[in-house]
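**Q** quick one, structure for this:
(chains A and B)
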Number of protein chains: 2
Amino acid sequence: MDSVDTNPAASVEGCSFQPLNPEDVRACLYKAADFITDYYISIESMPVLPDVKPGYLRNELMASPPEHSAPFDVTMKELRTSVVPGMMHWANPNFFAFFPSTNSAAAIAGELIASAMNTVGFTWQAAPAATEMEVLVLDWLAQLLRLPASFMNRTSAGHGTGGGVILGTTSEAMLVTLVAARDAALRRSGSNGVDRITRLTVYASNQTHSTFFKACRLTDFDPANLRSIPTGPETDYGLDPAKLLEIMHADFRASLVPTYICATVGTTSSNAVDPVGAVADVAAMFNAWVHVDAAYAGSACICPEFRHYIDGVEHVDSISMSPHKWLLTCLDCTCLWVRNTHRLTDALQMNPEYLKNDATESGMATDLKDMQVGVGRRFRGLKLWMVMRTYGTTKLQEHIRSDVAMAKAFEELVRADDRFEIVVPRNFALVCFRIRACGAMTEEVADEVNHLLMDRLNISGKAYLAHTVVGRRFTLRFAVGSSMQEERHVRRRSCNNGVHQLMCSINYYCL
Amino acid sequence: MDSVDTNPAASVEGCSFQPLNPEDVRACLYKAADFITDYYISIESMPVLPDVKPGYLRNELMASPPEHSAPFDVTMKELRTSVVPGMMHWANPNFFAFFPSTNSAAAIAGELIASAMNTVGFTWQAAPAATEMEVLVLDWLAQLLRLPASFMNRTSAGHGTGGGVILGTTSEAMLVTLVAARDAALRRSGSNGVDRITRLTVYASNQTHSTFFKACRLTDFDPANLRSIPTGPETDYGLDPAKLLEIMHADFRASLVPTYICATVGTTSSNAVDPVGAVADVAAMFNAWVHVDAAYAGSACICPEFRHYIDGVEHVDSISMSPHKWLLTCLDCTCLWVRNTHRLTDALQMNPEYLKNDATESGMATDLKDMQVGVGRRFRGLKLWMVMRTYGTTKLQEHIRSDVAMAKAFEELVRADDRFEIVVPRNFALVCFRIRACGAMTEEVADEVNHLLMDRLNISGKAYLAHTVVGRRFTLRFAVGSSMQEERHVRRRSCNNGVHQLMCSINYYCL
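**A** Modelled structure (predicted):
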């Protein structure tokens, strides 16, 4: 490779500009690969949270775009010196905030190849292999999750009525299913227009991600008709089906139309689990659409010991989960399955002249544009297929179990220290804990102390945590799973052990 | 590199699974880079359209996910033998369909690095550098497009009221601006709810991409209130402001509320251009939101000679364009700018407890989640910055001009051959042409002959074209711009010359 001129700008001096000159591409990608390797090797030495202020990057880089081309090395140098120091390092093994964005060599390579092929798979015809790959890998993952055959595109018995699509985020999965449910409810009420929209109601626990209520607003459900159902410690903040029934029934009696329920398996706040089967039973009484949001915890359900969390899924209408959260696949990758794809495509299909083609007209092909917001789409299935093909079910399960084991280890450390309390039972790899109010300390003061602990830890750069409020109490969230936390940070329990370091930091900074 | 065990599965046998082992990552990425280089070198020899049928890939690959891990080489081998032969090769220089998805070494490297960093930039705090980079590069591109300062986040005078966000597709840009316009119109009509939704009307020419009307349906505008305004050859299929005024006025008199107009610069069908300034003048009379969809042609507006197509943009509310179409940036990359970011964030902001942070509360930071559908988001600005930083304005303009020159050369070949006609004047790098009905041939028969020509060309695998219908006539679309079409295919006019080959194929297959 040394003989290659690795300057894509210089290599075109004097002749025409070739932005995809194959050897330039190789040279740039080798440099990027070396940068990434160095980044991973050194990441643990970098502060998780950077010490920068809003506007910092503009002061580092040019305020206006350069007129002339520059060697690729100049771009890489600015990336190293100006961008990296301002990053929150999600891949740092001492990152415990939000949900981790897990990743793997196979996923990154898959996304790289997809970027280079750069197909646009709106219809089967426009990208046969990309469409087929997405359909196949969703059937693969459905098998791992033991979803019923009704959610699959192909089963051993042939074509199914169900199927899936890969979207960017859970919010998109909610949005497209909300639209399908909304339009079906409007049609059932004898209206093709929107004049009855104010009669439709939607339901979710008050632990549901805010993006659900945002998706309801985007799709124009009436703010007065969004039911946020209270939960409490008696159900570990899971949805109580009896409460759901009562509220839906009251709406029904008031001549409203219960339309859609979002059940969450593993809430963002505290990993609460809504009882999928019981929720579906209630929904069936009103012919309401049930969507299961298993964005984070869905990945765990590839392990038999966690599969029970989605029991009852055979009675829901749709389910989504995000391999970009916990299945070693870099962003974006949210998988949505529906039991009847026609319920989605009826709402989302558009066939302008310039997209008409024989494969669509044959009825044999899947056109993925009809299951999403937009038209254009990347080769989205490739990276997920490369992850599943390379690592196999066994390694993926090992990865989930390793994270859960680490979370369990942390939970035990917390339980063993009576200055702390576990706020809700741990279900997966998230531990919700706080400094306990003791002696004369009120709960309100304990809230402040916990906030202070979090801020000090985060500012130190040695670890990064996020918080939530559970049952009105400020609660620290310790989310395991950053992909470099494996082994070194759990089993060897070295001085670099993330858990160990966190507990040391707590002692050092706070107590 | 040869000494490295390039099997990420094997390297973890006997010890814990390390999905991001740095040397495994390097080895996989080198292999992927070599694959990509070979792919680009050999792409011209592959048929553009593959000879596969729906379901083909399932017959090639395993129907169920593998239980055990496999060497990365096995994954790559299946990619080569089963996936590549089923692909529509958008990067093939003989691909002339739809709009090209242009690409470059810098863009692919940028996306690769973003995948590896795998940050999730919902708030500034969660990803400072990624947020700052996106804000900066949108200001850079705004400068290149000579957008007014009101669309920028920072100007020489300090903070502006405007700004932008990078989204996945134009459809998302339409969706979020439609919601902002809808909710503002509802508020103006004295309603905070949705009971007046059936009064709101939206407008676009009948040449507007179907995804606009889909976005209107997603956001619940009444199908009866979507005005698709007829266009004709007298305006080269651009929107006639007088017709727009007449229709809006009629709606206003009927007590409807004109809410949103989508003006397109470079329609998908034929590259028609709606007159931005004149449309904005009409909209101002009704206080309606004007969005400019310049998905494809916006890239050309970085050249002074094409900038006039968006004249009047200083009077619109928002504009979007997609560098993934024509600015050498791989998918997904759609840039949206709005004149007043608060009009977007007022509709889209959600602040759950677990995302609260000091930077947001300071009011100094931009939280990009509040300008999009979902919450999660990749490091979206990086690849676009790497493209602009590496190639500079000069090379980007050269790239646009080279494509336009090639389209012009093709147009001249068509014009010189009296068997053909140019259906609408060429504005950018898309040529709309057809076999002319002559002698006893009716226009309907000519339609069929054109369809046959397209099918035969496409099935040959030697070139790939798409079609449209303009003024009821079946029309062939010849879209230049696949990134490997540079130089070799235009200037040298070799026997591999795409234009030459296309004309030969037309002669061979059809006439």
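
**Q** ignoring the adjacent residues along the chain, who's closest to A:Ser320?
**A** Leaving aside its chain neighbours, A:Ser320 sits nearest to A:Ala173 (3.8 Å; criterion: C-beta to C-beta, 6 or more residues apart in numbering or on different chains). Quick note: C-beta positions are derived from backbone N, CA and C, even for glycine.

**Q** got a list of what the one you found touches?
**A** A:167, A:291, A:293, A:318, A:320, A:334, A:336 (C-beta atoms under 8 Å, 6 or more residues apart in numbering or on different chains).

**Q** you'd agree the fifth one is in a strand?
**A** Yes - assignment of A:Ser320 by DSSP: H, G, I helix; E, B strand; the rest coil places it within a strand.

**Q** now do the SS call for the closest residue to A:Glu60 other than its chain neighbours.
**A** Once flanking residues are discounted, A:Glu60 sits nearest to A:Ser82: 3.9 Å by C-beta to C-beta, 6+ apart. Here A:Ser82 is recorded as helix under three-state DSSP.

**Q** what about A:Ser82, how many residues nearby?
**A** Neighbourhood size, A:Ser82 [other C-beta atoms under 10 Å in any protein chain shown]: 17.

**Q** equivalent analysis for the one 5 residues further on, please.
**A** By the other C-beta under 10 Å criterion, the neighbourhood of A:Met87 contains 26 residues.

**Q** again, but for A:Arg187
**A** For A:Arg187, the neighbour count with other C-beta under 10 Å is 12.

**Q** is it in a helix, a strand, or coil?
**A** Applying three-state DSSP: A:Arg187 is helix.

**Q** what about it, distance to B:Phe213?
**A** 18 Å (C-beta to C-beta, to the nearest Å).

**Q** any regions of the stretch 101-250 of chain A where pLDDT drops low?
**A** A:192 (pLDDT under 70).

**Q** A:Ser115 reaches B:Ala105, doesn't it?
**A** No - if you go by C-beta atoms under 8 Å, A:Ser115 and B:Ala105 don't touch, sitting 10.9 Å apart.

**Q** of these two, who's got more company?
**A** Using other C-beta under 10 Å as the criterion, A:Ser115 and B:Ala105 rank with B:Ala105 on top: 35 against 25.

**Q** you'd agree that one is up against A:Leu20?
**A** Yes - B:Ala105 lies in contact with A:Leu20 (C-beta under 8 Å); the separation is 6.7 Å.

**Q** which residues in the stretch 201-350 of chain A form strands?
**A** Here the stretch 201-350 of chain A has its strands, by DSSP state E, counting those that start in this stretch, at A:226-229, A:257-264, A:289-293, A:318-321, A:334-338.

**Q** same question for the stretch 51-200 of chain A.
**A** For the stretch 51-200 of chain A, the strands defined by DSSP E, counting those that start in this stretch cover A:154-155, A:158-159, A:163-167, A:200-205.

**Q** same deal with the stretch 401-511 of chain A?
**A** Under DSSP E, counting those that start in this stretch, the stretch 401-511 of chain A gives strands at A:420-422, A:430-435, A:466-470, A:473-479.

**Q** just name the most buried of those.
**A** Highest mean neighbour count of the strands of the stretch 401-511 of chain A: strand A:430-435, a mean of 25 (counted as mean count of other C-beta atoms under 10 Å in any protein chain shown).

**Q** that one close to chain B?
**A** No - judged by C-beta under 8 Å from any C-beta of the partner chain, strand A:430-435 stays clear of chain B, getting no closer than 10.7 Å.

**Q** quick one: strands adjacent to that strand?
**A** According to DSSP bridges, strand A:430-435 forms sheet pairs with strand A:420-422 (antiparallel), strand A:473-479 (antiparallel).

**Q** of those strands, which is nearest A:Leu245?
**A** Among those, the nearest to A:Leu245 by C-beta to C-beta is strand A:473-479 (28.8 Å).

**Q** what angle do strand A:466-470 and the closest one make with each other?
**A** Relative orientation of strand A:473-479 versus strand A:466-470 (axes from the mean of the first three to the mean of the last three C-alpha atoms, to 10 degrees): 140 degrees.

**Q** now strand A:473-479: mean pLDDT?
**A** Strand A:473-479 carries an average pLDDT of 96.

**Q** mind putting the strands of the stretch 401-511 of chain A in CSV, distance to B:Ile400 included?
**A** What follows is those, written out as CSV (distance: least, C-beta to C-beta, whole Å):
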stretch, distance to B:Ile400
strand A:420-422, 60
strand A:430-435, 49
strand A:466-470, 44
strand A:473-479, 45
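
**Q** quick one: which of those is nearest A:Phe306?
**A** Evaluated with C-beta to C-beta, the strands of the stretch 401-511 of chain A place strand A:430-435 nearest to A:Phe306, the distance being 13.3 Å.

**Q** touching the closest one from outside, list them.
**A** Outside strand A:430-435, the residues that touch it by C-beta under 8 Å, 6+ apart are A:99, A:266, A:270-271, A:407, A:410-411, A:414, A:419-424, A:426, A:446, A:449-450, A:453, A:468, A:470, A:473-480, A:510-511.

**Q** same question, stretch A:204-212
**A** By C-beta under 8 Å, 6+ apart, stretch A:204-212 touches A:169-171, A:174, A:213, A:227-231, A:237-239, A:261-264, A:267-270, A:272, A:274, A:293, A:295, B:350-352, B:374-375.

**Q** how about the strands of the stretch 201-350 of chain A, which one is nearest A:Thr75?
**A** Per C-beta to C-beta, nearest to A:Thr75 of those: strand A:334-338, 30.7 Å.

**Q** so which elements touch that closest one?
**A** helix A:128-144, strand A:163-167, helix A:170-188, strand A:318-321, helix A:323-326 (3 or more C-beta pairs under 8 Å, 6 or more residues apart in numbering or on different chains; DSSP states H and E).

**Q** wait, which of the ones you listed is closest to B:Arg182?
**A** helix A:170-188 (14.7 Å).

**Q** now the angle from that closest one to strand A:289-293?
**A** Using the same axes, to 10 degrees: helix A:170-188 against strand A:289-293 is 180 degrees.

**Q** mind listing what's buried along helix A:170-188?
**A** A:170-186 (16 or more other C-beta atoms under 10 Å in any protein chain shown).

**Q** same thing with stretch A:391-402?
**A** Using 16+ other C-beta under 10 Å as the test for burial, stretch A:391-402 gives A:391-393, A:395-400, A:402.

**Q** filter those down to just the ones in helices.
**A** Under the assignment DSSP state H, those contribute A:391-393, A:395-400, A:402 to helices.

**Q** neighbouring contacts of stretch A:223-232?
**A** So stretch A:223-232 is in contact with A:198-208, A:213, A:216-217, A:237-240, A:243-244, A:247, A:251, A:256, A:272, A:471, B:192-193, going by C-beta under 8 Å, 6+ apart.

**Q** mind listing what's buried along that stretch?
**A** Across stretch A:223-232, burial judged by 16+ other C-beta under 10 Å covers A:225, A:227, A:229, A:231.

**Q** out of the residues you listed, flag the one nearest to A:Ala126.
**A** A:Asn225 (38.9 Å).

**Q** roughly how far apart are that closest one and B:Met248?
**A** Separation of A:Asn225 from B:Met248 (C-beta to C-beta): 31 Å.
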